[in-house]
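Novice: my questions concern the predicted model and sequence given below.
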Amino acid sequence: MLLPAGADTRTDPFDDLTDDDLATIYAYPVERPWLRLNFVASLDGAIADAAGHPRGLTTPADQRVFALLRGLADVILVGAGTARSEQYAPVQPSEIDVALRARLGLAPLPPIAVVSNSLEIPDSLLVDPPDGSGRTIVVTTSATAVGRRRDIGAHADVLVCGSDRVDPVAVRRALAARGLGRIQAEGGPRLTRDLAAAGVLDELCLTLSPLLLAGGSSRLTAGAELDAPVHLRLGHVLAADDELLLRYVREGA
């Protein structure tokens, strides 16, 4: 593991880091809600393979950290488009370290919170978990049809966070009010752009996969240019074979 200059240094090989080590390295702050974004990208900036999915970029190390980060979160935030294209479903116990969550005092499973201005939610997320844990949260606006919100509310918790467009500040506030202050965002690029523009993106965990893909893949963010760049500072670097797992924290966060 590599750290920024001036920090206490460790050089443990990535494979020698235990899950408890990683949980400490990626621990959330406790003093306030915190929104973390997790992504994987190629060296030339692609966030999807030729088929349009990130799975062609992932590696065992990235998958391990992905599962660990999900396991540390109170809730997983994702845009509806990404939820549809990646066939999101409620998190299953086999996908995360439930024992670690229990030691940290977290709920057994983190729910998926889907952001949608149109309420086009994949059916795979509108299911009732057997024990009631991990129930999907749908985040939308007051402009959506009341009847559709009522129908979705039979199988998910609906949060209205904005009038014409979902307001990221209201989203973080509403999730924190439900005791879900450790937020892991997983895209897509337009949601990422909106989180950054609203100043609620606190941290970026980015895996650099050692590939060059070219093509027309999306970038990490998409949409209108930000009024001002968001400055991030390096938190740490993990080296696993030829890939780098980077953690950046927003200046002032």
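Specialist: That came through fine.
Novice: in stretch 119-129, which residues are buried?
Specialist: Residues of stretch 119-129 classed as buried by neighbour count (16 or more other C-beta atoms under 10 Å): L119, I121, P122, L125, L126. Using the backbone N, CA and C atoms, a C-beta is placed for each residue, glycine as well.
Novice: now for the third one: which residues touch it?
Specialist: Just to be clear, that refers to P122. P122 sits next to A80, A83, R84, Q87, Y88 when contact means C-beta atoms under 8 Å, 6 or more residues apart in numbering.
Novice: next: the first one.
Specialist: Residues near L119 by C-beta under 8 Å, 6+ apart: V138, T140, T144, A145, R148, R149, I152.
Novice: for the fourth one, phi and psi?
Specialist: Which is A145. A145 adopts backbone torsions of phi -60, psi 130, taken as degrees, to the nearest 10.
Novice: please name the nearest non-neighbouring residue to it.
Specialist: L119 (7.3 Å; C-beta to C-beta, 6 or more residues apart in numbering).
Novice: same question, the third one
Specialist: Leaving out its chain neighbours, the residue that sits closest to T144 by C-beta to C-beta, 6+ apart is L119, at 5.1 Å.
Novice: so the residue most central in space within the chain versus S142, what's the distance?
Specialist: Among the residues of the chain, the one closest to the centroid is A185, at 2.3 Å (C-alpha atoms, centre = their mean). Applying C-beta to C-beta, to the nearest Å, the value for A185 to S142 is 23 Å.
Novice: sorry, back to before: farthest pair in the contacts of P122?
Specialist: Largest separation among those by C-beta to C-beta: A80 and Q87, giving 12.5 Å.
Novice: who's more crowded, the two?
Specialist: For A80 versus Q87, neighbours defined as other C-beta atoms under 10 Å are more numerous around A80 (23 against 10).
Novice: can you pull the contacts of that one?
Specialist: When contacts are counted by C-beta under 8 Å, 6+ apart, A80 touches V114, V115, S116, S118, E120, I121, P122.
Novice: at 6 Å what do you get?
Specialist: Going by C-beta atoms under 6 Å, 6 or more residues apart in numbering, A80 touches V114, S116, E120.
Novice: can you tell me the helix or strand for the first one?
Specialist: Going back to what we said before, that points to V114. Assessed by DSSP states H and E, V114 sits inside strand 112-115.
Novice: quick check: next helix or strand after that strand?
Specialist: strand 137-140.
Novice: helices or strands next to that next one in the packing?
Specialist: Packed against strand 137-140, as judged by 3 or more C-beta pairs under 6 Å, 6 or more residues apart in numbering; DSSP states H and E, are the following elements: strand 112-115, strand 157-160.
Novice: what does it rub up against?
Specialist: In this structure, residues lying in contact with strand 137-140 by C-beta under 6 Å, 6+ apart are 111, 113-116, 119, 121, 152, 156-159, 161, 166, 171.
Novice: of the residues you listed, select the buried ones using a ChimeraX command.
Specialist: Command for ChimeraX that selects the buried part of the contacts of strand 137-140, burial taken from 16+ other C-beta under 10 Å:
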select :111,113,114,115,116,119,121,152,156,158,159,161,166,171
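Novice: so where's the stretch 1-150 of the chain shaky on pLDDT?
Specialist: Scanning the stretch 1-150 of the chain for pLDDT under 70 picks out the ranges 1-12, 130-132.
Novice: recalculate using a threshold of 80.
Specialist: Along the stretch 1-150 of the chain, the model assigns pLDDT under 80 to residues 1-12, 129-133.
Novice: now the helices for it?
Specialist: Assigned by DSSP state H, counting those that start in this stretch, the stretch 1-150 of the chain shows helices spanning 19-25, 60-72, 80-85, 98-103, 146-153.
Novice: now those helices as TSV including distance to L175?
Specialist: Formatted as TSV, these follow (distance: least, C-beta to C-beta, whole Å):
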stretch	distance to L175
helix 19-25	21
helix 60-72	15
helix 80-85	16
helix 98-103	17
helix 146-153	17
